[in-house]
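[1] Sequence below, structure please.
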Amino acid sequence: MSPGQHTAAGVRARWRRWRRARPFTAGLLIALGGAEMLVTLFAPLGVLLHVGPQGLAAYLVPAILVICGVLLITTPQQRVFYAVVSLVLGLVSWLTSNLGGFLVGMLLALVGGALAFAWTPVKQRPARAEATPAAGTAVAGPAPGPREPVDSSAPTESLDALLSAEPGPSRDARAERG
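    Presented below is the predicted three-dimensional model:
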């Protein structure tokens, strides 16, 4: 194997690890949806008209979608915020950006927002110290004992007393003493 192939495989592996550590597909779809909406604003159709504040929103909504897509890829810790913003702006684009970029951009933004909202980071697996049992065998452990019935007339200790680590007399014994 030549050194060039080994390096290319290493680059691909690093790219794959980086890409899987963030909602890459979701951010890409959101950015593509916003870009598609921006492109449709320049369509040479006489039907499309942008006047006043709605004309500003026609450019602002897709631009913010593109920014949300890029930020989603670069800062995946804020994925829920960017996903919600993308979903809301994707729906708003129906009114402001030529029917959401003729539905294509809106659908891309909505699907990307849903994917971003559903994405969770991969948790690192702990190193295994021992082999796991076979699939057909059951792991034997101590069987739980029978539960004792609770006497509802007896006074119970407070949760703080039950959870405290310090051994000592119960609340009732302390009350009798002093």
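
[2] For the residue nearest to residue 35 when sequence neighbours are not counted, give me its contacts.
    Distances taken as CB to CB, 6 or more residues apart in numbering place residue 66 nearest to residue 35, at 5.8 Å, with adjacent residues excluded. (Each C-beta comes from the backbone N, C-alpha and C, glycine too.) Residue 66 sits next to 30-31, 34-35, 38 when contact means CB atoms under 8 Å, 6 or more residues apart in numbering.

[3] measure the residue nearest to residue 122 when sequence neighbours are not counted to residue 108 for me?
    Here the nearest residue to residue 122 in space, its sequence neighbours aside, is residue 20; by CB to CB, 6+ apart that works out to 6.6 Å. Relative to residue 108, residue 20 is positioned 21 Å away (CB to CB, to the nearest Å).

[4] circling back: could you measure from the residue nearest to residue 35 over to residue 10?
    Residue 66 is 31 Å from residue 10, by CB to CB.

[5] Next: residue 35.
    On the measure of CB to CB, residue 35 and residue 10 end up 31 Å apart.

[6] rewinding a little: check which helix or strand covers the residue nearest to residue 35.
    Using DSSP states H and E, residue 66 sits within helix 52-74.

[7] ok, back up a step: looking at residue 20 and residue 108 now, which is surrounded by more residues?
    A count of neighbours by other CB atoms under 10 Å puts residue 108 above the other of residue 20 and residue 108, at 26 against 11.

[8] Quick one: residues contacting the more buried one.
    Residue 108 neighbours (CB under 8 Å, 6+ apart): 29-30, 32-33, 36.

[9] Least confident of those residues?
    Confidence by pLDDT is poorest for residue 36 among those, given 93.

[10] can you pull the buried residues of stretch 31-46?
    In terms of neighbour count (16 or more other CB atoms under 10 Å), stretch 31-46 has its buried residues at 31-38, 40.

[11] My error: substitute stretch 73-92 in the last question.
    73, 76, 79, 82-83, 85-87, 89-90, 92.

[12] Pick out the most distant pair among those.
    Using CB to CB, the buried residues of stretch 73-92 reach their maximum pairwise distance at 76 and 92, which is 23.9 Å.

[13] Show me where the chain dips below the pLDDT cut-off.
    1-5, 45-54, 125-178 (pLDDT under 70).

[14] for it, what spans make up the helices?
    3-20, 24-41, 52-74, 79-96, 98-102, 104-118, 159-163, 171-177 (DSSP state H).
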